[in-house]
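[1] Sequence first, then the predicted structure, then my questions.
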Amino acid sequence: MEKSYQQKQNLYEPLKGIKVVEVAQGVAGPHCGKILAGLGAEVLKVEIPPDGDWSRKFGPMIPSKDDLESSALFLHNNTGKKSVVMDWTEKEGFVNLQNLINKSDILIEDWDLKDRKSLNISKDFFIKQNPKLIEMCVTAFGLSGPYSTYKSTPMILFALGGFMNIMGSPDKKPIMLPGFQADYVTGINANNAIQIALWERDSISNKGQFLELSMIETLINLHQAPFEMDHGGNRQRMGHRQSALSAKGFPPGVSSVPAEDGYLTFGGGSQPIFETLCLMLGRPELIETEEFQNVFKNPESGVLMDKYMIDWMKGKTKQEVFIEVSTQWLLPVSPINTIRDILEDEQFNHKNAFQEIDHPMVGLAKYARLPFSINNKKLNIKRAPLLGENSNE
């Protein structure tokens, strides 16, 4: 017998019936909630009046009738949720928050030690009242240790986590990677931890638990090699070149060079790749030229190789170079895409990576879907809520 429409819908809403309270603000906690909402959970975003989540005021802004509804950052990280305005920093509001949490499966919060002291709450405060509750605490540095009372920013996290040290040119100051990457990765990991805790609760223990995740610990897991490699060797800034820790870097390293309408990046890690590149450029003599055998011993060889590549690409577009280099010469190459390029890219569109959503204040816009599919279908996402839109409900 054919399954009902609702049963079909449930196939693509695996967390339907799960209730989530989200008091976390910004990016990390809300991004976790966004994923849960995309999977079908009912995510109730509790926002403090008068302005709600601080990311509502964070640019870039989409032109609209209301500034609190037009932050692209907020709209992206809060799709599919409901919004309730409630001042849980006051006694009555906190009691109301407790009532919501006591009827929920998951709590996503970002209260650090200072917040917990002011609210007079311990790690087991809510779980004592709701033993099946899964509470996820997402903070910059965690709830213990010398940094646990500190506030943070993306730049501070990238600096402390060792990433600014490897970003930029070796002869210049470290540079910052724009955006909230540490927060996004933490939000994804928070979702993973919650899924495991849900499985453990519903399959084994019938009990909830307190989960803690820090952004700084998330970052150190992104370094691509063991920390004490080569007897304490430190990975250093190499600009757009291959890491100097490689046993044998290929002479031009990894380079980003301009075509007529933008940049491409070339990469490789072997002598055969370098030899093919020299043949493509019409300079076979470079294969045996000594100064081109190691870009790290002779940095000027990389600069000169870039010049040869730029000369070869004159008059060619990014796409023309990409097609020729990848299909005729079988070399690793990619155009460096702008956001507009990504929206028009045939691979992203083939994978149905974007969804157009209508918002009452900002109108139609394209949003990135969750990156996985279920039964060969991408999950639909719903618009972000207006501030306090669901308070009466």
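    Yes, it's here.
[2] what's the closest non-adjacent residue to the residue nearest the centre of the chain?
    By C-alpha atoms, centre = their mean, the chain has its centre lying nearest to Tyr184, at 3.4 Å. Leaving out its chain neighbours, the residue that sits closest to Tyr184 by C-beta to C-beta, 6 or more residues apart in numbering is His31, at 5.6 Å. Heads up, the C-betas are built off the backbone N, CA and C, glycines and all.
[3] wait, the one you found sits on Val185?
    No: between His31 and Val185 there is no contact under C-beta atoms under 8 Å: 9.2 Å.
[4] Of these two, give the one with the bigger neighbour count.
    Ranked by neighbour count (other C-beta atoms under 10 Å), His31 and Val185 place His31 first, with 24 against 17.
[5] outside of the helix or strand containing the more buried one, which residues touch it?
    Using DSSP states H and E, His31 sits within helix 28-38. Residues from elsewhere that reach helix 28-38 (C-beta atoms under 8 Å, 6 or more residues apart in numbering): 15, 18, 20, 22, 24, 43, 45, 53, 55, 76-81, 106, 108-110, 136, 138, 180, 182-184, 186-188, 190-191, 194, 215, 369-370, 379, 381-382.
[6] mind redoing it with 7 Å?
    Here helix 28-38 makes contact (C-beta atoms under 7 Å, 6 or more residues apart in numbering) with 15, 20, 22, 24, 43, 45, 53, 77-81, 108-110, 136, 138, 183-184, 186-187, 190-191, 215, 370, 379, 381.
[7] Quick check: strands, which of these are part of them?
    20, 22, 43, 45, 108-109, 136, 138 (DSSP state E).
[8] Mind giving me the ChimeraX select for the residues you listed, buried ones only?
    Selection of buried members from the ones in strands among the contacts of helix 28-38 for ChimeraX, criterion 16 or more other C-beta atoms under 10 Å:
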select :20,22,43,45,108,109,136,138
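[9] So the closest residue to Asn96 other than its chain neighbours versus Lys57, what's the distance?
    Leaving aside its sequence neighbours, Asn96 sits nearest to Met86 (C-beta to C-beta, 6+ apart; 5.7 Å). According to C-beta to C-beta, to the nearest Å, Met86 stands 19 Å off from Lys57.
[10] between the two, who's got more neighbours?
    A count of neighbours by other C-beta under 10 Å puts Met86 above the other of Met86 and Lys57, at 21 against 15.
[11] give me every residue that touches the more buried one.
    Counting by C-beta under 7 Å, 6+ apart, Met86 has contacts 46, 93, 96-97.
[12] ranking these by neighbours, who comes first?
    Ranking the contacts of Met86 using other C-beta under 10 Å puts Val46 first, with 25 neighbours.
[13] which residues of the stretch 51-200 of the chain fall in strands?
    Applying DSSP state E, counting those that start in this stretch to the stretch 51-200 of the chain gives strands spanning 82-85, 106-109, 134-139.
[14] Can you tell me the element the closest residue to His359 other than its chain neighbours falls in?
    Nearest residue to His359, sequence neighbours excluded (C-beta to C-beta, 6+ apart): Arg383, at 4.8 Å. Assessed by DSSP H and E, Arg383 sits outside every helix and strand.
[15] Let me know the secondary structure of the residue lying closest to Arg283 once chain neighbours are set aside.
    Nearest residue to Arg283 in three dimensions, chain neighbours excluded: Tyr308, at 6.2 Å (C-beta to C-beta, 6+ apart). Secondary structure state of Tyr308, per DSSP: H, G, I helix; E, B strand; the rest coil, is helix.
[16] just Met305 next, same as before
    Applying three-state DSSP: Met305 is helix.
[17] The lengthiest helix in the chain vs helix 28-38, what angle?
    Determined from DSSP state H, the single longest helix within the chain is helix 181-200. Counting by axes from the mean of the first three to the mean of the last three C-alpha atoms, to 10 degrees, helix 181-200 lies at 50 degrees to helix 28-38.
[18] Which residues does helix 181-200 contact?
    Taking C-beta under 7 Å, 6+ apart as the rule, helix 181-200 contacts 26-29, 31-32, 35-36, 106, 134, 136, 138, 154, 157-158, 209, 211, 213, 215, 218-219, 222.
[19] And stretch 318-338, by the same measure?
    256, 259, 261-268, 273, 276-277, 280, 313, 345.
[20] Now, those residues that are in helices?
    Per DSSP H, the contacts of stretch 318-338 map to helices at 273, 276-277, 280, 313.
[21] Out of the helices and strands in this structure, which is least certain?
    Within the chain, no helix or strand scores below helix 5-11, which has a mean of 42 by mean pLDDT, DSSP states H and E.
[22] where along this structure do the helices fall?
    Here the chain has its helices, by DSSP H, at 5-11, 28-38, 72-77, 91-102, 113-119, 125-129, 154-160, 181-200, 215-220, 271-280, 299-313, 318-323, 339-344, 346-350.
[23] So which of those helices is nearest Asn375?
    helix 5-11 (6.2 Å; C-beta to C-beta).
[24] low-scoring stretches of the stretch 151-300 of the chain, by residue?
    224-236, 238-254, 269, 296 (pLDDT under 70).
[25] Let's see that with 90 instead.
    158-179, 220-257, 265-275, 277, 286-300 (pLDDT under 90).
[26] Spatially nearest residue to the residue lying farthest from the centre of the chain (excluding sequence neighbours)?
    Each residue of the chain has a distance to the centre, and by C-alpha atoms, centre = their mean the biggest one is for Glu285: 44.1 Å. Excluding the flanking residues, the one nearest Glu285 by C-beta to C-beta, 6+ apart is Cys278, at 7.9 Å.
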